[in-house]
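1. pasting the structure only:
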């Protein structure tokens, strides 16, 4: 999966530092907002990685019947 949560968090820290040093309030707010976006992206990437790991553990080679065959035979 492309994207590195650690790199996103580094980017967030850099933008936060830049926002703290910005003298123009509008620039400060925009840089802080960008830091927040990087932090959110890091969290999303981590969440997606957990989902992908879980899905990779599922054995799709086994057959799966939503209704056991015995129940189908009784209904007929």
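-> Good, I have the coordinates. Values in this document were obtained by computation on a predicted structure and should not be read as measured data. Residues are numbered from 1 along each chain as shown.
2. CA atoms for contacts and neighbours, from now on please.
-> Fine.
3. give the buried residues for stretch 20-29.
-> By neighbour count with 16 or more other CA atoms under 10 Å, stretch 20-29 contains the buried residues residue 28.
4. use 104 as the first number from now on
-> With 104 as the first residue, the last one maps to stretch 123-132.
5. how long is it end to end?
-> Between the start and the finish of stretch 123-132 there is a gap of 9 Å, counting by CA to CA, to the nearest Å.
6. so for that stretch, mean pLDDT?
-> Per-residue confidence for stretch 123-132 averages out to 98 on the pLDDT scale.
7. over to stretch 155-175?
-> pLDDT averaged over stretch 155-175 equals 71, rounded to a whole number.
8. how far away is the closest residue to residue 140 other than its chain neighbours from residue 141?
-> If the residues on either side of it in the chain are set aside, residue 140 comes closest to residue 115, at 7.6 Å by CA to CA, 6 or more residues apart in numbering. Relative to residue 141, residue 115 is positioned 5 Å away (CA to CA).
9. in terms of neighbours, single out the busier of those two.
-> Neighbour comparison, residue 115 and residue 141: the larger count goes to residue 115, with 24 against 21 (by other CA atoms under 10 Å).
10. ok so, going back, list the contacts of the residue nearest to residue 140.
-> Residues counted as contacts of residue 115 (CA atoms under 8 Å, 6 or more residues apart in numbering) are 137, 138, 139, 140, 141, 142.
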